[in-house]
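Peer 1: From the sequence below, what's the structure:
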Amino acid sequence: MLIVMLVPLFIIAILVKFLKPQKKLSIEGKHVVVTGGSSGIGKSVAILAAQKGAHVTILARNIDKLSEAQQEIKKHCANEELIISKVSVDVANYEDVENNLCEVEEIVGPIYMLINCAGMAICRQVEDFTEQDIKTLIEVNFLGTLYPIKAIVPKFKQRREGIIVLTGSQVSLMGMYGYSVYASSKFALRGLAESLFMEVKPYNVSVTLALPPDTDTPGFENENKTKPEETHLLSNTGGLYNADDVARKLIDDALASRFFSYIGFESFILTTLCVGMSPFSSFLELLLQCVALGPLRLIGAFYIIYFDKIVKKCFHNKQIKKEQ
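Peer 2: This is a model prediction of the structure:
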């Protein structure tokens with residue numbers, strides 16, 4: 001029965017992917033700024049932008065990592081005339097961000113695309129988070145995205161062009177064991193992205209919310225150090241993606257002015273289930289969402305039941321250990 005229900009969904013998905021003409025913007029010769037550009041998805045995005053002929057500025061705190069990333073990005077430039085610059089900055093400090101973005105515009109040129117990749121994860125049960133953990137996650141993941149946007153939006157509006165990308169996570173759309181504070185900071189990005197979309201659309205500025213799954217990056221490796229057993233088991237159901245593949249999809253979706261950027265069928269399920277009042281790029285996409293919501297809710301229910309069993313099993317095992 002479920003397979004029969006999904007047939008129309010797959011047909012429409014194919015139509016959306018292959019029949020809808022996608023008018024893509026170009027970043028060739030334009031200035032792209034990437035926060036969190038010294039490693040992980042941010043560095044992969046910066047490399048791809050340079051390959052597409054863009055001048056690239058990467059922002060992060062660690063100057064040594066920035067220098068290494070800068071040299072690596074230069075090796076992938078489409079031509080020798082491209083400017084690849086680096087700026088050591090704390091993205092959670094608004095004055096620092098604003099001053100540095102003004103400076104790089106004077107040196108490199110007007111910023112055309114802002115890609116916010118700065119972020120980090122700490123995984124614990126909610127009662128185990130320290131006050132500093134909570135402040136750090138909110139400052140890096142939320143304020144570290146909001147402040148660069150706040151600094152650059154007036155210039156985008158004045159120039160009547162620009163692309164803004166916010167990098168959230170799959171847990172921007174769903175809560176998960178161990179991610180209480182991290183998911184909260186990433187949920188906030190969705191509200192920011194949807195509100196921002198309305199504010200800047202009349203000025204010919206697009207907004208894309210990227211929702212990458214678990215991605216093989218140094219940040220993910222560090223995140224695993226704090227994961228409870230339940231979180232490890234739940235995360236493993238979605239697999240692990242390559243940073244270059246995630247970056248490629250992010251850039252493609254942003255240049256096609258899509259609101260959501262996701263990769264993989266599980267992310268498609270989650271994003272479609274959580275569309276809510278989010279923008280849609282075409283009526284064909286809207287039709288797909290309308291047809292898909294019912295069947296995908298059933299699939300989502302199976303995931304919820306499966307996740308619940310994992311958490312209950314871990315709880316049961318812990319209780320047995322306590323009694324021994």
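Peer 1: Looking at stretch 275-284 now, give me its mean pLDDT.
Peer 2: Across stretch 275-284, the average pLDDT comes to 88.
Peer 1: wait, stretch 233-251
Peer 2: 91.
Peer 1: now do stretch 112-127
Peer 2: Mean predicted confidence for stretch 112-127 is 95.
Peer 1: what does the model give the closest residue to residue 101 other than its chain neighbours for pLDDT?
Peer 2: Spatial nearest neighbour of residue 101, excluding adjacent residues (C-beta to C-beta, 6 or more residues apart in numbering): residue 151 at 5.1 Å. Just so you know, the C-beta spots here come from the backbone N, C-alpha and C atoms, and that holds for glycine as well. pLDDT for residue 151: 97.
Peer 1: count of residues packed around residue 151?
Peer 2: Applying other C-beta atoms under 10 Å, we find 20 residues neighbouring residue 151.
Peer 1: hey, where'd the helices end up in the protein?
Peer 2: 2-18, 40-51, 63-74, 94-108, 131-137, 144-159, 180-200, 218-223, 229-236, 243-255, 265-273, 283-323 (DSSP state H).
Peer 1: was I right about the residue nearest to residue 101 contacting residue 94?
Peer 2: Yes - if you go by C-beta atoms under 8 Å, residue 151 and residue 94 touch, sitting 7.2 Å apart.
Peer 1: about what we covered before: and among the helices of the chain, the most buried is which?
Peer 2: helix 40-51 (a mean of 26; mean count of other C-beta atoms under 10 Å).
Peer 1: Need the contact partners of that helix.
Peer 2: Helix 40-51 is contacted from outside by 27, 32, 34-37, 56, 58, 60, 69, 72-74, 76-78, 82, 84, 113, 115, 117-118, 167, 212, 215, 217-220, 243-244, 246-248, 250-251, using C-beta atoms under 8 Å, 6 or more residues apart in numbering.
Peer 1: where does the stretch 1-150 of the chain dip in pLDDT?
Peer 2: 1-22 (pLDDT under 70).
Peer 1: at 80 what do you get?
Peer 2: For the stretch 1-150 of the chain, the stretches with pLDDT under 80 are 1-23.
Peer 1: how near is residue 259 to residue 299?
Peer 2: 22 Å (C-beta to C-beta, to the nearest Å).
Peer 1: How about residue 108?
Peer 2: Taking C-beta to C-beta, one finds residue 108 at 46 Å from residue 299.
Peer 1: how close does the one residue sitting closest to the centre of the chain sit to residue 86?
Peer 2: In the chain, the C-alpha nearest the mean C-alpha coordinate belongs to residue 167, at 2.4 Å (C-alpha atoms, centre = their mean). If you measure residue 167 against residue 86 using C-beta to C-beta, the figure is 19 Å.
Peer 1: same deal with residue 44?
Peer 2: On the measure of C-beta to C-beta, residue 44 and residue 86 end up 16 Å apart.
Peer 1: Could you do residue 303 as well?
Peer 2: Taking C-beta to C-beta, one finds residue 303 at 41 Å from residue 86.
Peer 1: Repeat that for residue 184.
Peer 2: To residue 86, residue 184 is 31 Å away according to C-beta to C-beta.
Peer 1: dump the residue contacts of residue 90.
Peer 2: Contacts of residue 90 by C-beta under 8 Å, 6+ apart are 61, 96, 97.
Peer 1: let's go with 6 Å and repeat that
Peer 2: By C-beta atoms under 6 Å, 6 or more residues apart in numbering, the contact set of residue 90 is 61, 96.
Peer 1: What is the end-to-end distance of stretch 273-284?
Peer 2: Length of stretch 273-284, first residue to last, C-alpha to C-alpha, to the nearest Å: 16 Å.
Peer 1: got the buried residues for it?
Peer 2: 273, 274, 275, 278, 279, 281 (16 or more other C-beta atoms under 10 Å).
Peer 1: Excluding chain neighbours, what is closest to the fifth one?
Peer 2: Taking C-beta to C-beta, 6+ apart, and ignoring the residues beside it in sequence, residue 279 has residue 259 as its nearest neighbour in space, at 4.4 Å.
Peer 1: Now do the one you found, the pLDDT please.
Peer 2: For residue 259, pLDDT reads 96.
Peer 1: Got phi/psi on it?
Peer 2: phi -70, psi -50 (degrees, to the nearest 10).
Peer 1: And residue 177, by the same measure?
Peer 2: phi -50, psi 130.
Peer 1: where's it relative to residue 198, distance?
Peer 2: Distance from residue 177 to residue 198, by C-beta to C-beta: 33 Å.
Peer 1: before we move on, what about residue 292?
Peer 2: 25 Å.
Peer 1: before we move on, the earlier item: tabulate the helices of the chain (JSON lines), appending distance to residue 124.
Peer 2: Converted to JSON lines, the helices of the chain look like this (distance: least, C-beta to C-beta, whole Å):
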{"stretch": "helix 2-18", "distance to residue 124": "36"}
{"stretch": "helix 40-51", "distance to residue 124": "21"}
{"stretch": "helix 63-74", "distance to residue 124": "26"}
{"stretch": "helix 94-108", "distance to residue 124": "28"}
{"stretch": "helix 131-137", "distance to residue 124": "7"}
{"stretch": "helix 144-159", "distance to residue 124": "20"}
{"stretch": "helix 180-200", "distance to residue 124": "8"}
{"stretch": "helix 218-223", "distance to residue 124": "11"}
{"stretch": "helix 229-236", "distance to residue 124": "9"}
{"stretch": "helix 243-255", "distance to residue 124": "25"}
{"stretch": "helix 265-273", "distance to residue 124": "23"}
{"stretch": "helix 283-323", "distance to residue 124": "15"}
